[in-house]
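Novice: The following block contains a protein sequence and its predicted model.
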Amino acid sequence: MGNNTKTAKHFSVPLMKQNIKSNLVLAVVITLIFCMITTVITAAMNMMGTTTSPAVDIEDAQEQFYSHLFAMAAYKQMTGTELSVDDFLETDDRSTYDTVFEMIGSQSEDLKLSSDVFADSIAVLTEADGSVDSYVEQFEYIYALSDEKGVFSDEELSIDEMMSTMISGMGMDADQFNKMAKMDRTSMLNKMYFTVMGLIPLLIFVVIVGNSLIASQVDCGSMAYVLATPTKRSAVANTQAIFLILAPLIICMLGCGVRIAASTVLTGESNIAMNAALYGGMYVLIEAIGGLCYMGSCLFNQSKKATAFGGGIAVWCFIASLLGIFGSEDMVNMGVGIEELGIFNKLTLVGLYDIKALATVGSGDVNYDFVWKLCVLAGIAIVSYAIGKFRFQKKDLPL
Amino acid sequence: MSDIMIKVAHLTKDYGHEHGIFDISLEVKKGEVFGYIGTNGSGKTTTIRSMMGFIQPDAGSSTIMGMDAWSNSIAIKPYVSYVPGEIAFPGLRTGTDFLKLQAEYLGITDFTYMNKLIKLLQLDPSANLKRMSKGMKQKTALVAALMGDREILILDEPTTGLDPLMREVFLDLIREEKAKGKTIFMSSHIFEEIEGVCDKAAMIKDGHLIDIMDVHAMRHEPTKHFHVLFKNGVDRDAFMAQCDFAHCVQEKESGCNITVDIAQIKKMLVQLNCYPLTRLSEEHETLEKKFREAFKKGAAPDGK
């Protein structure tokens, strides 16, 4: 009778089926939300990317345009002859301009002035902004400001210098402004996505599932139906741990796939190695927190205590990471951050998820800082799973 | 194998504040139906949890078929079916889902017995698990446990939530299982059902075992108890002096309690016939009465 019944010692297939059945809805919802956030962020980053990449051309054109305006202004100072952009565009005979550009250009090796380059830069700026009027006005303003200084050096003709001159003329801190202009908005959004927004659905998932796998079933008593059958406690602990290890892995892989697909569709290319590294790191982070949730679930017989433990850790990690963002270098440089808040990056597990280092994977110059950090996270996960399993096998169950 | 299926020896589990169970010892033989009676919170469930290997005893042990329930809990499971006292199902949709899954845990592929049970208990397993009434849930839990067709049934208050008719059906089922040679351990706080099906009954109060009674022997007692009320005390005294074959105890007024062998009843009646009586009644020995007596006795030494 009873002798021929199979005993589940390490893994229970029916329990896994039960887990899948009872958590399927939550898993699907979380996956959808996660993929949706991923798509939206990828699209947003893509939009930022398209506005910033041609900006390089505009910057070059601007610099060339200003150089030519400077040449014209210098010529005016020397000879009193008025030359203007409008005149340059209207006249058929550009010989005067050729002479002027050649003359001024010969004074410096770096300045390559010619009517053609000037015409090209005008074309680029007109295409970008409709007309070059604003650039002309800006130049005249800055030229007037620096008139007393005498002749411009060619360094001062760079965009940065002209901007600094203009901004200090307006009474602002030029350094601050430079940092702001140089801030990489894409990486900022990336950081937001990987350490805050993208984490939310996954954290919710591990907190809810971690609790429902063990503590809630012990608390309400339904675990009795599993343990009254020839299913060893270690089989229950293993099966539940495997579920909590595999489910977030699948969700992360789907998210990674969606991200790669979305950026391939939007930009035609995507860095698979980098994305895999970023999502892999995210998965390890989620497992560290999931492991702690599992441990709480095994330690406590009451569902509310287990939820308070796992949920508390997850919420803390999340809030600290959010505060940490305001203390991050990028934010401080933007002027909206507070350097002191950077300490929160050290107080949360999310701080061990080094997305800057991970993002270098797939590039020529890989920063291996992320390795030890991820090892710490993986270690936390392994230890918590082990403690949880050990405790679950030994403790009294109110079933 | 010895025919002692369940053995609890000096089992102690102290939860502090005098909660828990203390030095419980009992034995259940093969084919016996063993009742476990006690008030709410007296430690019935704790004892059962220990038998199932869910909790580790502070002292003493529970053994099922010679195997320790805690250290070797996995080895006893193929022989035991369990109905928990608190009914809570996993997060599945319908009763059918649950029973199918349970069959998988138990390794059952033949559903004939399960279907027979479902029919017998008039259970509709297609209902939503969460929306089930208490009785429905209890029936589902019973089917889930009994379908394993194991040698030992451990039932924690199996009749809660069942209506009186269904309770009868259930008790018949227990008798049927007993006839098959199953060993059954059931807890309850309802005396009638224990009286109706059990061979033996243990009583527990505040974690202490008060008494173990042979219910079977009680049902088939060799002596009967009568309460007789004589018209006057002189008659009674005369009867008591004359009656040497039965045990008589003087009661207040002109009453008398007689304990007599079944074989001597006729003789007693003939003698009583000589006196004018106001009342003659047979006193049934009920478990409840015994329980109350034992309860008082058990409580007395502690002064509670």
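Specialist: Alright, I've got the coordinates. For clarity, every value in this text was computed on a predicted model and none was experimentally measured.
Novice: With adjacent residues omitted, what lies nearest to residue A:213?
Specialist: residue A:240 (4.1 Å; CB to CB, 6 or more residues apart in numbering or on different chains). For glycine as for every other residue, the C-beta is placed from the backbone atoms N, C-alpha and C.
Novice: In contact with that neighbour, which residues are there?
Specialist: Residue A:240 sits next to A:15, A:19, A:213, A:214, A:294 when contact means CB atoms under 8 Å, 6 or more residues apart in numbering or on different chains.
Novice: possible to save those as CSV with secondary structure and neighbour count?
Specialist: Supplementary listing: the contacts of residue A:240 in CSV, determined by DSSP: H, G, I helix; E, B strand; the rest coil; neighbours: other CB atoms under 10 Å in any protein chain shown:
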residue, secondary structure, neighbour count
A:15, helix, 26
A:19, helix, 24
A:213, helix, 26
A:214, coil, 30
A:294, helix, 33
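Novice: Give the single residue among these positioned nearest to chain B.
Specialist: Distance to chain B, by CB to the nearest CB, is smallest for residue A:15 among the contacts of residue A:240, at 7.7 Å.
Novice: The closest one against residue A:236, yeah?
Specialist: Yes - if you go by CB atoms under 8 Å, residue A:15 and residue A:236 touch, sitting 6.4 Å apart.
Novice: Find the residues that touch each one of these two.
Specialist: Joint contacts of residue A:15 and residue A:236 (CB under 8 Å, 6+ apart) are residue A:226.
Novice: follow-up on the earlier one: wait, is the residue nearest to residue A:213 part of a helix?
Specialist: Yes - under DSSP: H, G, I helix; E, B strand; the rest coil, residue A:240 falls within a helix.
Novice: any idea which helix or strand carries residue 218?
Specialist: Just going to use chain A. Taking DSSP states H and E as the criterion, residue A:218 maps to helix A:215-220.
Novice: could you do chain B instead?
Specialist: Assigned by DSSP H and E, residue B:218 belongs to helix B:215-219.
Novice: Show me what that helix is packed against.
Specialist: If contacts are counted by 3 or more CB pairs under 8 Å, 6 or more residues apart in numbering or on different chains; DSSP states H and E, helix B:215-219 sits against helix B:191-197, strand B:200-205, helix B:287-299.
Novice: right, and those - which one's nearest chain A?
Specialist: strand B:200-205 (18.2 Å).
Novice: OK, contacts around the closest residue to residue B:209 other than its chain neighbours?
Specialist: Nearest non-adjacent residue to residue B:209, counting by CB to CB, 6+ apart: residue B:24, 5.0 Å away. Contacts for residue B:24 were tallied using CB under 8 Å, 6+ apart; they are B:8, B:10, B:11, B:12, B:43, B:47, B:60, B:204, B:207, B:208, B:209.
Novice: cool, and residue B:166?
Specialist: For residue B:166, the contacting residues are B:121, B:122, B:135, B:139, by CB under 8 Å, 6+ apart.
Novice: Most neighbours out of those residues, which is it?
Specialist: Among the contacts of residue B:166, residue B:139 has the most neighbours (other CB atoms under 10 Å in any protein chain shown), with 27 neighbours.
Novice: Thought residue B:123 was touching it, still the case?
Specialist: Yes - assessed by CB under 8 Å, residue B:139 is found in contact with residue B:123 at 4.5 Å.
Novice: any idea of the mean pLDDT in the helix holding residue A:218?
Specialist: Here helix A:215-220 scores 91 as its mean pLDDT.
Novice: so which strand or helix has residue 37?
Specialist: All of this is about chain A. In this structure, residue A:37 sits in helix A:13-52 according to DSSP H and E.
Novice: please go with chain B instead
Specialist: Per DSSP H and E, residue B:37 falls inside strand B:33-38.
Novice: Give the partner strands of that strand in its sheet and their orientations.
Specialist: strand B:183-188 (parallel), strand B:200-205 (parallel) (DSSP bridges).
Novice: which intervals of the stretch 1-150 of chain B have sub-threshold pLDDT?
Specialist: Applying pLDDT under 70 to the stretch 1-150 of chain B flags residues B:1-2.
Novice: All the helices of it, residue numbers only.
Specialist: B:44-51, B:73-76, B:95-106, B:112-120, B:134-146 (DSSP state H, counting those that start in this stretch).
Novice: in stretch A:89-98, what counts as buried?
Specialist: A:94, A:97 (16 or more other CB atoms under 10 Å in any protein chain shown).
Novice: avg pLDDT for that stretch?
Specialist: On average, stretch A:89-98 scores 78.
Novice: Other residues contacting that stretch?
Specialist: A:72, A:83, A:88, A:114, A:115, A:118, A:122.
Novice: wait, doesn't the fourth one sit right on residue A:103?
Specialist: No - under the criterion of CB under 8 Å, residue A:114 makes no contact with residue A:103, lying 11.8 Å away.
Novice: what sits in contact with each of the two?
Specialist: Among the neighbours of residue A:114, none is also in contact with residue A:103 (CB under 8 Å, 6+ apart).
Novice: From chain A, how far off is the residue located most distally from the centre of chain B?
Specialist: Farthest-out residue of chain B from its mean C-alpha position, per CA atoms, centre = their mean: residue B:234, at 44.1 Å. As judged by CB to the nearest CB, to the nearest Å, residue B:234 and chain A stand 64 Å apart.
Novice: Next, the buried residues of the host helix or strand of that residue.
Specialist: Per DSSP H and E: residue B:234 is located in helix B:233-242. By neighbour count with 16+ other CB under 10 Å, helix B:233-242 contains the buried residues B:235, B:236, B:239, B:240.
Novice: Please dump those residues into JSON lines; it should also carry pLDDT for every row.
Specialist: Shown next, in JSON lines, are the buried residues of helix B:233-242 (pLDDT from 0 to 100):
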{"residue": "B:235", "pLDDT": "81"}
{"residue": "B:236", "pLDDT": "80"}
{"residue": "B:239", "pLDDT": "79"}
{"residue": "B:240", "pLDDT": "79"}
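Novice: Out of those residues, which comes closest to residue B:255?
Specialist: The closest of the buried residues of helix B:233-242 to residue B:255 turns out to be residue B:236 (CB to CB; 7.5 Å).
Novice: mind checking how far that closest one is from residue B:245?
Specialist: Per CB to CB, to the nearest Å, residue B:236 is found 17 Å from residue B:245.
Novice: try residue B:264
Specialist: 5 Å.
Novice: the more surrounded of the two?
Specialist: Set residue B:264 next to residue B:245 and count neighbours by other CB under 10 Å: residue B:264 wins out with 16 against 12.
Novice: picking up where we left off before, for the strands paired with strand B:33-38, which one ends up most surrounded?
Specialist: strand B:183-188 (a mean of 25; mean count of other CB atoms under 10 Å in any protein chain shown).
Novice: just the angle between that strand and helix B:44-51, please?
Specialist: Interaxial angle of strand B:183-188 relative to helix B:44-51 (axes from the mean of the first three to the mean of the last three CA atoms, to 10 degrees): 150 degrees.
Novice: Could you measure from residue B:73 over to chain A?
Specialist: 8 Å.
Novice: That residue contacts residue B:55, doesn't it?
Specialist: No - the pair residue B:73 / residue B:55 is not scored as a contact, 10.3 Å apart, by CB under 8 Å.
Novice: Close to chain B: what parts of the stretch 151-300 of chain A are there?
Specialist: By CB under 8 Å from any CB of the partner chain, the residues of the stretch 151-300 of chain A that approach chain B are A:212, A:217, A:220-222, A:224-233.
Novice: Point out the ones among those that are inside helices.
Specialist: Applying DSSP state H to those, the entries found in helices are A:212, A:217, A:220, A:224, A:225, A:226, A:227, A:233.
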